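K.L.:
predicted model and sequence below, questions to follow.
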Amino acid sequence: MAMHVGRVEEYNESKEDFESYLERLEQWMLANDVSDEKKVCTFLSVIGADTYRLLKNLVSPRVPSTMGYAALTGALSAHYKPTPVVIAERFRFQKRNQKEGEAVSDYVVALRQLSATCDFGQYLDEALRDRFVSGLRSDAVQRKLLSEKDLTFPRACEISVSMELASKNTMEFSGRQDPHHVNALTNAPNFFNKGWKGQNSCRCFIAMFL
């Protein structure tokens with residue numbers, strides 16, 4: 001019997017969204033050369049009893065084993081992730097400001113996650129830039145960004161991270177801690193904790209989020 005590459009556990013809604021689970025499952029089937037003819041039986045075998053029971057209810061009176069793979073995954077996807085109401089998603093996006101103690105990098109990630117369901121289309125970068133600048137807690141960083149001509153979202157992120165790092169280094173050199181920045185810098189990724197490594201390092205870090 002051929003050895004399987006890796007393992008895919010049954011779906012658990014409390015641990016993972018269905019879209020991510022499906023992506024991992026499909027990569028697992030690809031790695032293990034699961035043929036199209038066996039996709040349905042493989043899918044039904046690994047999703048687990050609770051998810052299978054839900055699927056039966058969703059597609060009733062049809063029987064899951066008689067349906068196609070796309071129809072089965074589509075039924076579960078529609079259940080776990082219904083089509084969002086764009087205006088409501090954009091409202092949540094526009095209300096998202098940088099939280100006290102939140103690192104700039106975390107704020108960037110949060111905005112990107114919220115923007116995924118806002119249907120901004122070709123205006124995505126502009127929407128991200130505007131919300132990012134408006135929601136920053138630091139007045140100094142905001143003033144700097146607002147003085148930049150033709151500011152882009154990547155450039156805004158780069159400047160903000162640079163200023164956050166500069167603020168951290170200044171506090172370290174002076175032996176002081178700014179209460180408005182200490183939590184953000186403490187909770188920031190390891191990149192921040194390793195100190196300032198120059199502009200190129202900053203750009204490499206920002207590229208992770210863009």
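P.N.:
Sure thing, it's come through. Numbers count the residues shown, from 1 in each chain.
K.L.:
same for the lengthiest helix in the chain, what does it pack against?
P.N.:
Criterion DSSP state H: the longest helix present in the chain is helix 153-174. Secondary-structure packing of helix 153-174 (3 or more C-beta pairs under 8 Å, 6 or more residues apart in numbering; DSSP states H and E): helix 104-115, helix 124-135, helix 139-146, helix 182-187, helix 190-193, helix 199-207. (Each C-beta comes from the backbone N, C-alpha and C, glycine too.)
K.L.:
gap between the residue nearest to Tyr69 when sequence neighbours are not counted and Leu22?
P.N.:
For Tyr69, ignoring the flanking residues on the chain, the nearest one in space by C-beta to C-beta, 6 or more residues apart in numbering is Lys39 at 4.4 Å. Noted for Lys39: a distance of 12 Å to Leu22, by C-beta to C-beta, to the nearest Å.
K.L.:
on that earlier part again, which element, helix or strand, includes the residue nearest to Tyr69?
P.N.:
Taking DSSP states H and E as the criterion, the element that holds Lys39 is helix 39-46.
K.L.:
list the buried ones in that helix?
P.N.:
Neighbour counts over helix 39-46 (16 or more other C-beta atoms under 10 Å) mark 39-40, 42-44, 46 as buried.
K.L.:
lowest average confidence across the helices and strands packed on helix 153-174, which one?
P.N.:
Note on these: helix 190-193 shows the lowest mean pLDDT, a mean of 43.
K.L.:
so what's the residue count around Gly74?
P.N.:
Using other C-beta atoms under 10 Å, Gly74 has 14 other residues around it.
K.L.:
got it, and the one 4 residues further on?
P.N.:
Other residues within reach of Ala78, judged by other C-beta under 10 Å, total 12.
K.L.:
with Met67 instead?
P.N.:
Met67 has 16 nearby residues by other C-beta under 10 Å.
K.L.:
quick check: phi and psi at it.
P.N.:
Met67 adopts backbone torsions of phi -100, psi 170, taken as degrees, to the nearest 10.
K.L.:
who touches the nearest residue to Ala110 once chain neighbours are set aside in this structure?
P.N.:
Leaving aside its sequence neighbours, Ala110 sits nearest to Arg96 (C-beta to C-beta, 6+ apart; 6.3 Å). In this structure, Arg96 makes contact with 110-111, 114, 131, 135, judged by C-beta atoms under 8 Å, 6 or more residues apart in numbering.
K.L.:
now with 10 Å?
P.N.:
Going by C-beta atoms under 10 Å, 6 or more residues apart in numbering, Arg96 touches 107, 110-111, 113-115, 131-132, 134-135.
K.L.:
do the same with Glu9
P.N.:
When contacts are counted by C-beta under 10 Å, 6+ apart, Glu9 is found next to 15-16, 21, 24-25, 46-48.
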